[in-house]
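K.L.:
Need coordinates for the below:
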Amino acid sequence: GARSALMVDPYEGEPHNRGIAVSTAEHLKAQVEKAARAGLAVHTHAIGDQANRNVLDAVEATRRAGIGLHLRHRIEHSQVLQPADVPRFAELGVIPSMQPIHCTQDIVLADRHWGDRSRLAYAWSSLQSSGAMLAFGSDAPVETPDVMQGIYAAVTRRRADGYPGAEGWYPEECVSVAEAVYAYTLGAAYAGGEEAIKGSLAPGKLADITVLERDIFTVAAEEILTTPITYTIVGGEVVYENG
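P.N.:
Okay, here's the model as predicted:
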């Protein structure tokens, strides 16, 4: 709500406010190149469409120069994008690390301050369709770490109280339950470079497992919110048991 995210165009009703550039584009490019030369992937927080563009531009410069081509750079939040920048994530191998619960909590503010630009806010489906690897998380403690609430937000784009209505907010950007679960598990593991040891149930991987009381792939979306956790298993050991 601070209207400080760096935008391409001014905020609604504030013709002289495009937000704040915490880093100049030139400084960002220099830092990304420095990290890439050292073999380090850069994980940059970006919310506004200009901020996201600046990060993509910085990564593109290193890719074009052939520096650290194997590195999995990612943008935390990737919150609102310009149409031309959506396919660049896949083209540049940049991972959009996103938090579905932010979407449903920010609907009112996004509409108020971004107007029609909200069409590409939290653009999960568009990014995925363009070939990007989605990685989902919670941003806890800013938001709840409850993954059931996150999955519900991803598949409905509605708050728990049903707002803004049955169709959800820009419902074309919803993802399926399977896609949401993938982003929370294997997508997140891939973003951390750990997909060989976690993120899916397979021989040789860590036995970190959550067992749910319901099959969230078949129940109504509203039931996802209230699905109890039956077991939590970490490293093959049961660390939580419901009842």
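
K.L.:
mind giving me the domain split of the chain?
P.N.:
25-200, 207-243 (automatic domain parsing).

K.L.:
list the buried ones in stretch 24-37?
P.N.:
A25, L28, K29, V32, E33, A35, A36 (16 or more other CB atoms under 10 Å). Every C-beta, even on glycine, is put in place using the N, C-alpha and C of the backbone.

K.L.:
What is the burial count for the closest residue to P83 other than its chain neighbours?
P.N.:
Once flanking residues are discounted, P83 sits nearest to L120: 6.4 Å by CB to CB, 6 or more residues apart in numbering. By other CB atoms under 10 Å, the residues close to L120 number 20.

K.L.:
So for the chain, the centremost residue is which one?
P.N.:
By CA atoms, centre = their mean, the chain has its centre lying nearest to M98, at 1.1 Å.

K.L.:
any chance you could map the strands in the chain?
P.N.:
For the chain, the strands defined by DSSP state E cover 43-46, 74-77, 95-98, 135-136, 209-212, 229-234, 237-241.

K.L.:
just to revisit the earlier point, among the buried residues of stretch 24-37, name the ones in helices.
P.N.:
A25, L28, K29, V32, E33, A35, A36 (DSSP state H).

K.L.:
Out of these, which is nearest to R72?
P.N.:
Distance to R72 across these (CB to CB) is lowest for A36, with 11.3 Å.

K.L.:
any idea how far the closest one is from L92?
P.N.:
For A36, the distance to L92 equals 12 Å [CB to CB, to the nearest Å].

K.L.:
Any regions of this protein where pLDDT drops low?
P.N.:
1 (pLDDT under 70).

K.L.:
quick one on the thing from earlier: quick check, the residue nearest to the centre of the chain in contact with L134.
P.N.:
Yes. Checked against CB atoms under 8 Å, the pair M98 and L134 is within contact range at 6.5 Å.

K.L.:
and the closest residue to L28 other than its chain neighbours, how many residues sit next to it?
P.N.:
Nearest non-adjacent residue to L28, counting by CB to CB, 6+ apart: A58, 4.7 Å away. Under the neighbour criterion other CB under 10 Å, A58 is assigned a count of 26.

K.L.:
and if you look at S176?
P.N.:
12.

K.L.:
List the residues that contact the residue nearest to E60 when sequence neighbours are not counted.
P.N.:
Among residues not flanking E60 along the chain, L92 sits closest, at 5.6 Å (CB to CB, 6+ apart). Listed by CB atoms under 8 Å, 6 or more residues apart in numbering, the contact set of L92 reads L56, V59, E60, R63, H73.

K.L.:
For the residues you listed, could you give me CSV that also reports neighbour count?
P.N.:
Listed next are the contacts of L92 as CSV, based on neighbours: other CB atoms under 10 Å:
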residue, neighbour count
L56, 24
V59, 28
E60, 16
R63, 18
H73, 25
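
K.L.:
tell me which of those residues is nearest to E237?
P.N.:
Distances from E237 to the contacts of L92, taken by CB to CB, are shortest for H73, at 34.6 Å.

K.L.:
so the closest one makes contact with V94?
P.N.:
Yes. Using CB under 8 Å, H73 makes contact with V94 at a distance of 5.2 Å.

K.L.:
intersection of neighbour lists for these two?
P.N.:
V59.

K.L.:
count of neighbours near D139?
P.N.:
17.

K.L.:
which residue sits closest to it, ignoring its sequence neighbours?
P.N.:
Q99 (4.3 Å).

K.L.:
That neighbour and G68: what is the separation?
P.N.:
Q99 is 26 Å from G68, by CB to CB.

K.L.:
Same question for A135.
P.N.:
19 Å.

K.L.:
So these two - more neighbours on which side?
P.N.:
Counted by other CB under 10 Å, A135 and G68 do not tie: A135 has more neighbours, with 25 against 21.

K.L.:
Next up, the contacts around the more buried one.
P.N.:
R74, I95, P96, S97, M98, A183, G187, A188, Y190, A191.
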